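Peer 1: quick one: sequence plus predicted model below, questions after.
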Amino acid sequence: METIRYFKPDELKAMTANRKQEFSALFQKLKKKKPKNLDDVVHRLHREAFEQFDCLDCANCCSTISPIVTDKDAERLAKSQKMKPADFIGRYLYVDEDHDYVFQQTPCPFLMADNYCCVYENRPRACREYPHTDRNRFYQILNLTQKNCEVCPIVFSITSELTKMEW
């Protein structure tokens, strides 16, 4: 795997747009074939990526996109902020077009200047699992992965590596 470096979100968007046809062709092929070794390959690339890249140097995800916040997440976050869940929801969340709770603002209200999360131990499940490249049945989230190429240098790098392989 090539060295992963930080890119600003607008740079990643442009880089992803430049490779849109290539990435789309890859994801269509993976959706169709559902290779048995896909999870193993992506999980290996995930481990390699996280050995060399520190998310604290980036925080694009926290700066530009809002995670889905489940009721359970909202309760946990409210408790950590010593708030009632309804008050937490009213202050920080709204229901998006998919009928999911998401944060009212980006960057995330809990992202600190040093890119640390002040609610890290209580962060939403979507944040815990991001960028989802260690997930099983990876072929099920290829659309999300393609979108995440625009945000996360790790996802862009993994996707780039996948294009070099014979499927």
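Peer 2: Here it is on my side, so go on. Residues are numbered from 1 along each chain as shown.

Peer 1: assign the residue nearest to the spatial centre of the chain to helix, strand or coil.
Peer 2: Against the mean C-alpha coordinate of the chain, by C-alpha atoms, centre = their mean, the closest residue is residue 131 at 3.3 Å. Recorded secondary structure, residue 131: coil (DSSP: H, G, I helix; E, B strand; the rest coil).

Peer 1: mind listing what it touches?
Peer 2: By C-beta atoms under 8 Å, 6 or more residues apart in numbering, the contact set of residue 131 is 61, 148, 152, 154-155. C-betas here are computed from N, CA, C, even on glycine.

Peer 1: redo that, cut-off 6 Å
Peer 2: Each residue near residue 131 by C-beta atoms under 6 Å, 6 or more residues apart in numbering is listed here: 148, 152, 154-155.

Peer 1: reformat the residues you listed as TSV; add neighbour count.
Peer 2: Shown next, in TSV, are those (neighbours: other C-beta atoms under 10 Å):
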residue	neighbour count
148	24
152	29
154	25
155	25
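
Peer 1: now, which of the residues you listed lie within helices?
Peer 2: 148, 154-155 (DSSP state H).

Peer 1: can you give the domain ranges for this protein?
Peer 2: 9-58+132-163, 68-129 (automatic domain parsing).

Peer 1: got those domains as a markdown table, with distance to residue 1 columns?
Peer 2: Listed next are those as a markdown table, based on distance: least, C-beta to C-beta, whole Å:
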| stretch | distance to residue 1 |
| --- | --- |
| domain 9-58+132-163 | 5 |
| domain 68-129 | 21 |
